[in-house]
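Participant: How does the following fold in three dimensions:
(chains A and B, ligands or ions: 2)
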Amino acid sequence: MIEIRGLQKYFGALHVLKGIDLDVEKGEVLSVIGASGSGKSTLLYCINGLEEIQGGQVEVDGQNVHAKGADLNKLRQKLGMVFQQWNSFPHLTVQENVALAPRIVRGLDRKAADEIAERQLAHVGLGDKLRVYPGALSGGQQQRLAIARALAMEPDYMLFDEATSALDPELVGEVLETMRMLAEEGMTMICVTHEMGFARDVSDRVAFFHQGVMEEIGPPSQIFGEAQSPHTRGFLANVR
Amino acid sequence: MSQPISFFSGFQPSDLLFLAEAAWRTLLISGLAISIGTFFGIIFGWLLYEGRIWASLTLAPVLDIFRSVPLIIQLVLFYNFAPILGLNLDPFASGVVILAIYTAALVANVARGGIEAVGQPMRRAARSLGMSYWQDLRYVALPIGGRAVFPAWVGVALGVMKDSALVSVLGYVELLKASQILITRTQEPFLILSIAGAFYFALSYPISRYAARLEQRWAHA
Ligand SMILES: Nc1ncnc2c1ncn2[C@@H]1O[C@H](COP(=O)(O)OP(=O)(O)O)[C@@H](O)[C@H]1O
Ligand SMILES: [Mg+2]
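Facilitator: Ligands and ions are numbered 1, 2, ... in the order given. The predicted model follows:
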């Protein structure tokens, strides 16, 4: 379970997250929506410790992420993350991309790491691309590679930061399908997304962020049907 | 040369061997200097990248000096002043030291550029998989950045090899010095310099070819 209490985040003088309280239960799929610059990405970075925080706390399975001496490398193995830019490692084959972290971080031998890679790549539909270099893949394939790479660490949570925003429209579907598949398998997911269809159909809850504040959170029916906040309604009116 | 030297005599087959040995010494001194210089250059480049403010105040100006003062002046100064510091280095060792520092100063900038080319998002992706700082550096940042600046590094290496000719001012008999000796004796500068040039080419061409081959292999597309 992820428990966020009174989270404050500043970049210098810029107050980016203004007291966020949020619990994400095991198995839950949470979509995070909101205008660009509202602090959604930063929230994810604060959850896996890629950004420091200036107030409040974040706990993952009871472990304080920002405590002094917290083993972030260990913690991040539980928290897979997929970015807007897929960041494939261009010097490694598709299979090596996925097998690298299991080998050097989890300490598996080459054979076991390769097997995990093969399995995860087959899972996201890239089973026939093992020996190819990422440069030869489409954006959608590279993003699925990024998902497989994260899954190979066998995480308990997956954080998606606008996983489809950098893709050509015709490639969005295959990535959303993969995310939907993960959700159906019971993965706990926090998905920052501009895909309102995905947020409505796949998530258990939707959170709307506005200028560093979580303005509203609730089941999709509430957010998309009877949003309380005028900001939420305004945002949704614009994206649709 | 034990037999009495007639001061002027024509080019002899044994002179070719003399030049070949000198070419070997050029290869030796530049190979050593480039290896050592590259090793430290990568560390300096990493310091410049990570150290930001303090590195740009301390390390960067020092490297700037070695990059901008002509190599020949550095060599002569170092060779003549090192004994005062208690360092008694022969021309070869002095040449290696100065060429290595010079290489390191050039490679530092190349290496910093390489790390910068990798970019924060890629580094974060690596860290998000649970990689430590060093794992990210070793398995992601350096291989990717290294490939990005490899052509620049090859340029530095080939340049240093040619610049190693300057060590001849200290009396180290590498290719250029050997040519000068032969020219004085044979009075055939055109022939000797052509042969020396051919040797320099023979040393650098395989390197550029091999580098081009590597680059081609890395260009996965
Ligand atoms: N590393 C950073 N340094 C300074 N400002 C940043 C940094 N990252 C993000 N910001 C700023 O923080 C605010 C929130 O950014 P972000 O979390 O990326 O928003 P979103 O993902 O919702 O678009 C923006 O104003 C952005 O410019
Ligand atoms: Mg963002």
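Participant: In chain A, what residue spans correspond to helices?
Facilitator: For chain A, the helices defined by DSSP state H cover A:40-47, A:72-78, A:94-104, A:110-123, A:139-151, A:169-184, A:196-202, A:220-225, A:230-239.
Participant: Got the phi and psi for the residue in chain B that ligand 1 sits nearest to?
Facilitator: Ranked by Cβ to the nearest ligand atom, the top residue of chain B for proximity to ligand 1 is residue B:120, at 8.2 Å. (Each C-beta comes from the backbone N, C-alpha and C, glycine too.) Here is the backbone geometry of residue B:120 (degrees, to the nearest 10): phi -60, psi -40.
Participant: where does chain B come near chain A, residue by residue?
Facilitator: B:121-122, B:124-132, B:135, B:139-140, B:143-144, B:147, B:218, B:220-221 (Cβ under 8 Å from any Cβ of the partner chain).
Participant: Tell me if I'm right that residue A:188 and residue A:158 touch.
Facilitator: Yes: contact criterion Cβ atoms under 8 Å: residue A:188 and residue A:158 qualify, at 7.1 Å.
Participant: What is the burial count for the closest residue to residue A:211 other than its chain neighbours?
Facilitator: Leaving aside its sequence neighbours, residue A:211 sits nearest to residue A:38 (Cβ to Cβ, 6 or more residues apart in numbering or on different chains; 5.9 Å). As a burial measure, residue A:38 scores 24 neighbours (other Cβ atoms under 10 Å in any protein chain shown).
Participant: and if you look at residue A:121?
Facilitator: 26.
Participant: That one reaches residue A:130, doesn't it?
Facilitator: Yes: if you go by Cβ under 8 Å, residue A:121 and residue A:130 touch, sitting 6.4 Å apart.
Participant: joint contacts of these two?
Facilitator: A:94-95 (Cβ atoms under 8 Å, 6 or more residues apart in numbering or on different chains).
Participant: Need the pLDDT of the residue nearest to residue A:211.
Facilitator: Residue-level confidence at residue A:38 comes out at 96, pLDDT.
Participant: again with residue B:221
Facilitator: pLDDT, read off for residue B:221, is 51.
Participant: need the residues of chain A near chain B, please.
Facilitator: Residues of chain A lying near chain B (Cβ under 8 Å from any Cβ): A:45, A:48, A:50, A:73-74, A:76-77, A:79-81, A:83, A:85, A:87, A:89-91, A:100-101, A:104-106, A:133-136, A:146, A:149-150, A:153.
Participant: And the longest helix seen in chain B, what does it pack against?
Facilitator: When chain B is parsed with DSSP H, its longest helix is helix B:13-57. With contacts defined as 3 or more Cβ pairs under 8 Å, 6 or more residues apart in numbering or on different chains; DSSP states H and E, the packing partners of helix B:13-57 are helix B:59-68, helix B:91-118, helix B:142-163, helix B:175-186, helix B:189-218.
Participant: Go through those helices and pick out the most buried.
Facilitator: Across those, averaging neighbours per residue (mean count of other Cβ atoms under 10 Å in any protein chain shown) puts helix B:91-118 on top, at a mean of 23.
Participant: what about chain A, any weak spots by pLDDT?
Facilitator: A:240 (pLDDT under 70).
Participant: of all the residues in it, which ones are close to ligand 1?
Facilitator: A:11, A:14, A:16, A:34, A:36-42 (Cβ under 6 Å from any ligand atom).
Participant: Going through the residues you listed, which ones are buried?
Facilitator: A:16, A:34, A:38-42 (16 or more other Cβ atoms under 10 Å in any protein chain shown).
Participant: ok, so of those, who is nearest residue A:95?
Facilitator: residue A:41 (29.0 Å; Cβ to Cβ).
Participant: how near is the closest one to residue B:115?
Facilitator: 23 Å (Cβ to Cβ, to the nearest Å).
Participant: what about stretch A:34-43, how long is it end to end?
Facilitator: End-to-end span of stretch A:34-43 (Cα to Cα, to the nearest Å): 12 Å.
Participant: For the residue of chain A positioned farthest from its centre, give its distance to residue A:99.
Facilitator: No residue in chain A has its C-alpha farther from the mean C-alpha position than residue A:111, which lies at 28.2 Å (Cα atoms, centre = their mean). Distance of residue A:111 to residue A:99, computed by Cβ to Cβ: 10 Å.
Participant: What of residue A:27?
Facilitator: Residue A:27 is 28 Å from residue A:99, by Cβ to Cβ.
Participant: higher neighbour count, the two?
Facilitator: residue A:99 (27 against 12).
Participant: shouldn't that one be in contact with residue A:117?
Facilitator: Yes: in this structure residue A:99 lies within contact range of residue A:117 using Cβ under 8 Å: 4.0 Å.
Participant: which residues do these two both contact?
Facilitator: What both residue A:99 and residue A:117 touch, as defined by Cβ under 8 Å, 6+ apart, is the set residue A:152.
Participant: Can you pick out the most distant pair from the residues of chain A next to ligand 1?
Facilitator: Most distant of the residues of chain A next to ligand 1, by Cβ to Cβ, are A:11 and A:34, 17.2 Å apart.
Participant: quick one, what contacts the residue nearest to residue B:114 when sequence neighbours are not counted?
Facilitator: Distances taken as Cβ to Cβ, 6+ apart place residue B:145 nearest to residue B:114, at 3.2 Å, with adjacent residues excluded. Contact analysis of residue B:145 by Cβ under 8 Å, 6+ apart lists B:111, B:113-118.
Participant: ok, of these, which one's closest to residue B:22?
Facilitator: residue B:111 (31.5 Å).
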